[in-house]
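>>> The following comprises the amino acid sequence and a computationally predicted model.
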Amino acid sequence: MPKNVICLWYDGTAEDAAKFYAQIFPDSAVTAVHHAPSDYPDGKQGQVLTVEFTVLGVPCLGLNGGPAFKHSEAFSFQIVTDNQAETDRYWNAIVNNGGTESACGWCKDRWGLSWQITPRTLLDATTDPDRATAKRAFEAMMKMKKIDIAAIEAARRGTPRA
């Protein structure tokens, strides 16, 4: 196991979440499922306690810790995409499977975990050394839920999108 692993708290659904992520993202997999060796405050011996998995190669551990803690926007996965099709595929997989849309490329999966589906074009546009260009792209993004790459590119050029 690597020295640094992201630990995500679930209320009994860590294995389902890990399998879902492994189906959506390349270089992702469920690598181990561990069962509780004895009863614990929110579970019984033999229930799934932890799940080791990767998301785009990033090692994670899902912990079935019970209902005490919930995910929040203070933590999110940022998935950098290369085109609109990839952006749409990840966004739709999360949102259309019990998730919810938010603003500026953010959404939540059905377990409440936040995801930023961020086209590389958006990152390039909003960090453009030309501050007027960056401002136009940023202001366009602020009006979006899922990022529309063509609209970001039009804002970057300073031309309205047709």
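Received the coordinates, thanks. Numbers count the residues shown, from 1 in each chain.
>>> switch to C-alpha atoms for all contacts and neighbour counts from now on
Will do.
>>> Where does the record place the domain boundaries for this protein?
1-69, 71-162 (automatic domain parsing).
>>> Can you check what pLDDT the model gives the residue of the chain most remote from its centre?
No residue in the chain sits farther from the centre than residue 38, which is 32.3 Å out by CA atoms, centre = their mean. Looking at residue 38, its pLDDT stands at 97.
>>> How about the contacts made by it?
Contacts for residue 38 (CA atoms under 8 Å, 6 or more residues apart in numbering) come out as 44, 45, 46.
>>> Around the first one, how many other residues sit close by?
Pointing back at residue 44 there. 14 (other CA atoms under 10 Å).
>>> Excluding covalently adjacent residues, which one is nearest to it?
Among residues not flanking residue 44 along the chain, residue 38 sits closest, at 6.4 Å (CA to CA, 6 or more residues apart in numbering).
>>> For the helix or strand that contains residue 153, what is the distance to the chain centroid?
Per DSSP states H and E, residue 153 falls inside helix 149-157. Helix 149-157 sits 23 Å away from the centroid of its parent chain (CA atoms, centre = their mean, to the nearest Å).
>>> Report the buried residues of it.
Within helix 149-157, the residues scored as buried using 16 or more other CA atoms under 10 Å are 149, 151, 152, 153, 154, 155, 156.
>>> what's that helix packed up against?
In this structure, helix 149-157 packs against helix 120-126, helix 131-141, with contacts taken as 3 or more CA pairs under 8 Å, 6 or more residues apart in numbering; DSSP states H and E.
>>> Do a quick rundown of the strands in this protein.
6-10, 29-35, 48-55, 58-64, 76-81, 100-101, 106-108, 114-119 (DSSP state E).
>>> residues in contact with the last one?
Right, strand 114-119. Under CA under 8 Å, 6+ apart, the answer for strand 114-119 is 71-73, 75-84, 87, 90-91, 105-109, 146-147, 149.
>>> Buried members of the residues you listed into PyMOL, please.
Buried residues among the contacts of strand 114-119 (16+ other CA under 10 Å), as a PyMOL selection:
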select buried, resi 79+80+81+87+90+91+105+106+107+108+109+146+147+149
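>>> what bridges to the residue nearest the centre of the chain?
The centroid of the chain falls nearest to residue 115 when counting by CA atoms, centre = their mean (2.6 Å). Counting by DSSP bridges, residue 115 forms beta bridges with residue 77, residue 107.
>>> One more: residue 51?
Residues in a beta bridge with residue 51, per DSSP bridges, are residue 33, residue 62.
>>> Check it and give its pLDDT.
98.
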